[in-house]
Structures are given as structure tokens and as C-alpha cells.
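1. Please find the sequence and the predicted model below.
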Amino acid sequence: MSLANKHRPQTFDHIIGQGHITEILKAQIAGAKDSHSNYLFFGPRGTGKTTTARVLAKAMNCLNLSSGNPCNECVSCLTINKQSTLDYIEIDAASHTGVENIREEILDKVPYPPTHLKKKIYVIDEVHMLSKGAFNALLKTIEEPRDNVGFILATTEIHKVPETIISRCQVFNFKKVGKEDMTKHLQHIVKLEGLNYTPGALDTVVRISEGCVRDAIKYIDQVSILGDINEEHITKFLGIASESIIKNFLNLIKNKDRDAIFSEIDAINEQGVDMHNFAKQTLMYIDQYLSEDTDFLLAVSEIFTEILGTIKYYPYPAIVYKIAINKFLNPSAPVEIAIPRPVQTQAAEAKAETTNTKPVAQAGDSNLLAQLLARVDKPSLQKNLGEHIIIDSVEDDKVHIIVINKLTHTLLEKRENLEYLEKILSEVLNKPITLKVSFEKKEDYFGRKLTTNN
């Protein structure tokens with residue numbers, strides 16, 4: 001059995017980093033206020049949505065509740081834990097997307113009362129993957145809830161779930177698990193497993209898991225095959241660089257010692273570090289320590305953003321690093337990393353020319369972001385924008401952009417970048433545009449939008 005399954009939380013109290021949700025659910029259950037039949041859990045992957053759904057299902061049916069927590073000893077809890085009852089159904093919407101699937105798995109069975117449990121519970125994971133027809137079929141069931149049936153929906157992309165579904169559910173926003181909670185949880189697991197570990201190794205696992213508990217435990221499980229959980233084994237098994245390696249590499253760049261930098265690139269590559277992940281890790285490190293040396297780290301972040309966007313096109317990753325860093329150390333060097341593009345046929349070129357003659361976008365056009373990105377000719381800035389911004393509103397001569405990444409927000413606060421984007425937007429919308437940029441976490445943004453819409 002994997003460590004993730006072995007140490008899967010069985011009560012609300014064991015779910016980490018989601019106290020703002022579990023306390024409410026416990027209070028509802030303890031106060032016999034679980035009359036709500038429909039729940040919607042949303043948030044990043046690996047943060048406990050499906051686990052919480054299973055615990056909630058047990059609590060709704062438990063015969064010996066303790067302060068809102070399931071006992072895990074009664075027949076109801078045991079059958080749900082073993083998934084040996086027909087009254088607890090977990091459905092993966094990614095592989096059951098169609099209306100026929102919903103009809104077969106749910107609609108045809110909902111009218112029948114539970115066979116063993118007090119309440120029949122349907123957990124639909126990745127619910128945003130359902131087709132429009134499947135959502136419509138599901139809506140007919142959840143808009144008239146039965147006392148003996150409950151639905152718990154889970155998704156990583158709530159913006160793809162129809163408002164008609166959202167409005168009929170209690171909605172809970174799961175967040176990435178913080179560093180402190182994650183570290184304590186991993187320490188608890190490795191001690192229970194009798195594994196030796198170094199604090200630096202756990203810090204690396206916490207950092208690369210990015211708030212995803214499932215990934216963090218999976219990494220521990222994989223590395224434990226080699227014995228101790230230490231930085232050497234982390235690098236060897238996962239291809240992950242320790243924080244000390246990243247810090248040393250950045251110091252070499254700061255000192256502009258090209259020979260030492262190139263030697264270190266070769267050494268890191270030969271150690272088995274995944275060079276694509278190394279660029280990603282370095283950007284995460286920069287984001288974390290940005291305030292300590294803002295100017296240098298902002299400048300060097302453009303190197304790794306460019307590397308991250310181009311490395312997948314090259315069979316020899318070390319040379320991508322050397323070219324990018326050489327260009328950084330010697331800005332006058334003519335060498336550039338170009339993304340290979342397929343050769344266009346004459347017909348394709350003609351089509352492209354035709355496309356470019358389309359009328360400019362209008363305010364509120366859903367394609368505005370795409371048109372903005374198409375005109376940004378700075379690779380590092382384009383990649384950051386493509387992954388980390390949301391156009392929140394377009395009103396008259398003002399465009400409001402939400403940035404969901406601190407590093408990208410800092411880049412856009414630079415006057416030259418802001419003016420550059422304002423110029424592009426003015427060309428796209430055919431009028432002078434003032435750009436407003438705000439930072440907001442992705443989950444907070446969609447949570448706010450959800451609250452506003454409701």
C-alpha cells in the first residue's frame with residue numbers, strides 16, 4: 001500500500017491545512033444540520049477535496065459520531081472505508097463525461113432508497129469534465145434534493161462548472177497547504193514509518209510539492225526505497241536540486257564567473273537533476289526570496305523563464321542554459337534561443353496574412369487576452385502573462401488585469417513593462433488604454449467571483 005493511502009486522513013481533525021472548511025462541516029454534523037444535500041469542493045489538486053468528501057460521507061452516516069467526526073468503527077464507516085457498499089459511489093467525471101454515464105450511474109439509481117446507510121452519497125470528482133448534457137441531467141436531480149441522497153462534487157476548475165450547479169451547492173474553497181502544516185505532516189509520517197530524514201530534504205520536498213499533499217507524500221514514498229530521506233537521495237531519485245545547489249548557482253551568476261557557471265551546469269546535469277525542473281525550482285526560489293535582492297533576482301528570473309519556455313524543444317538541455325546565461329552576461333551577443341517553428345506552406349502564410357487583417361478587438365472581447373499575448377514579442381514576459389494573468393474587466397479606456405503569481409506581478413509593476421502592455425492594448429482596442437494591475441491568489445480570485453455572482 002502506498003504511503004498516501006496508508007496515511008489518508010480518516011476524520012476531519014486529521015485533514016491538514018483546511019481548518020476553515022473542516023470546522024464548519026464538523027459543526028454542521030454535530031448540530032444535526034447536515035440537511036444540505038449538495039456540496040461543491042474546489043481548489044488545487046492534492047489538497048484534500050476527495051478525502052474530505054469521503055470523511056463527510058462517513059460523518060453523515062456514522063452511528064457513533066464524536067464531536068462531528070466519524071468513529072471509523074461502526075458498520076457504516078467501515079463499509080465506506082472499504083467501499084463495499086452500494087450506497088457510497090465515487091465517480092471520476094474525467095472518464096464518465098457523457099449524459100449516458102450520468103443516467104446509468106446516478107439518475108436510474110437515485111429513486112431507490114439506500115440499502116444499508118442512512119444516506120446514499122455520490123462523490124463526483126473532476127466534475128468540470130462533464131459534458132453540457134451531463135450537467136443538465138445532473139441538475140434535474142440536485143435541484144430537488146432528497147433527504148436520503150447527497151451529492152459531493154469536487155473540481156480543480158470551478159470556472160468550468162455551470163452557475164446553475166454552483167448555486168444549488170454549499171461551496172467550499174480548498175487552498176494549497178502551507179509550508180509549516182506540510183512540514184509537520186511529513187515529519188509525522190516519516191517518524192511513524194521509522195525513516196531517518198534531514199530537515200533540508202523535507203524542505204525540498206515541501207517546496208517542490210507546491211502545497212499538494214499527495215505529491216509530497218508520493219515523493220517521500222519514492223525516495224524511501226533508497227533508505228534515508230536526505231538531499232542526495234532526493235536528487236538521485238527525483239532529479240530535484242537542493243536549495244543549496246540553487247543558491248550556489250545564483251551566486252555564480254551574480255559573480256559573472258562564466259567558466260564556473262558552465263562547469264556547474266555540467267555538474268548539475270551529470271548529477272541527474274532534471275534540467276526542466278531545475279529552471280522551475282529556481283523560479284520558485286526567486287519568488288520566495290525576491291525581497292532579499294529584488295533587482296538581481298528580477299533580472300535573472302528572465303533567464304529561467306526563457307529557459308523554461310524553450311528547453312522542451314532541445315535534446316541537450318545544458319546548452320540551452322549556457323546560451324541563455326551567456327546572453328545575460330553579454331547582452332550584446334547576437335545569439336538567441338529561438339523556438340523551432342514548423343515550416344509554413346504558401347497557403348498557411350496566406351491564411352496568416354488574412355488573419356492579421358481582421359478588425360481589432362472590442363472592449364469585453366473574450367479573445368482580448370489571446371490577442372495581447374500574440375503581440376508580446378518578449379518571450380519571458382509572454383510566458384509569464386500566458387500562465388499568470390486574468391483579464392478581469394474592460395471598461396471604457398481602462399483594462400483591469402489580475403495577476404496570480406507574485407513574480408509576474410513584480411515584473412508588471414515595472415514602468416517599462418506596464419507601458420509596453422498599455423501600448424499593445426491600445427493598438428488592439430484602437431483607443432488609448434490605461435492598465436490597472438492587481439495581485440490576487442488564483443483560488444481567492446475565483447472564490448471572490450463566485451461570491452459576487454451568487
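-> Yep, it's here. All figures in this text were calculated on a predicted structure; none of them were measured in a lab.

2. C-alpha only now, for contacts and for neighbours.
-> Fine.

3. Pull the contacting residues for V190.
-> N196, Y197 (Cα atoms under 8 Å, 6 or more residues apart in numbering).

4. Kindly report the same for the one 4 residues further on.
-> When contacts are counted by Cα under 8 Å, 6+ apart, G194 is found next to no other residue.

5. pretty sure it is in a helix, no?
-> No. G194: not assigned to a helix; according to DSSP: H, G, I helix; E, B strand; the rest coil it is coil.

6. State the distance from it to P44.
-> For G194, the distance to P44 (Cα to Cα, to the nearest Å) stands at 30 Å.

7. before we move on, what about T164?
-> Distance of T164 to P44, given as Cα to Cα: 22 Å.

8. out of these two, which sits in the busier spot?
-> Legend: neighbour count by other Cα atoms under 10 Å for T164 and P44, higher for P44 (20 against 12).

9. ok, then the element right after the lowest-mean-pLDDT helix or strand in the chain?
-> Sorting the helices and strands of the chain by mean pLDDT, DSSP states H and E puts helix 346-356 at the bottom, at a mean of 45. With elements assigned by DSSP states H and E, the helix or strand that comes after helix 346-356 is helix 368-375.

10. Contacts for that next one, please.
-> Helix 368-375 has contacts (Cα under 8 Å, 6+ apart) with A361, Q382, L385, G386, I390, I391, L421, I424, L425, V428.

11. count of neighbours near N255?
-> Counted by other Cα under 10 Å, the residues lying close to N255 total 11.

12. State the pLDDT value of it.
-> For N255, the pLDDT comes out at 92.

13. hey, where'd the strands end up in the stretch 351-454 of the chain?
-> Using DSSP state E, counting those that start in this stretch, the strands of the stretch 351-454 of the chain run over residues 389-395, 398-403, 434-439.

14. let me fix that: the chain
-> Using DSSP state E, the strands of the chain run over residues 38-42, 88-92, 120-125, 149-155, 170-173, 389-395, 398-403, 434-439.

15. which strands and helices sit next to the third one?
-> To tie it back to what came earlier, the one meant is strand 120-125. Packing contacts for strand 120-125, counted by 3 or more Cα pairs under 8 Å, 6 or more residues apart in numbering; DSSP states H and E, involve helix 49-61, strand 88-92, strand 149-155.

16. now with 6 Å?
-> Here strand 120-125 touches strand 88-92, strand 149-155, going by 3 or more Cα pairs under 6 Å, 6 or more residues apart in numbering; DSSP states H and E.

17. quick one: strands adjacent to it?
-> Taking DSSP bridges as the criterion, strand 120-125 pairs within the sheet with strand 88-92 (parallel), strand 149-155 (parallel).

18. most tightly surrounded among those strands?
-> Sort these by mean neighbour count, taking mean count of other Cα atoms under 10 Å, and strand 149-155 sits at the top with a mean of 25.

19. Give me the contacts around that one.
-> 37-42, 119-127 (Cα atoms under 6 Å, 6 or more residues apart in numbering).

20. Top of those residues by number of neighbours, please.
-> Sorting the contacts of strand 149-155 by how many neighbours each has (other Cα under 10 Å) puts I121 first, at 29 neighbours.

21. got a list of what that one touches?
-> Y88, V149, G150, F151.

22. before we move on, the earlier item: now the helices and strands packed on strand 120-125 in TSV, with mean pLDDT and distance to P70?
-> Output for the helices and strands packed on strand 120-125, formatted as TSV (pLDDT from 0 to 100; distance: least, Cα to Cα, whole Å):
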stretch	mean pLDDT	distance to P70
strand 88-92	93	15
strand 149-155	95	17
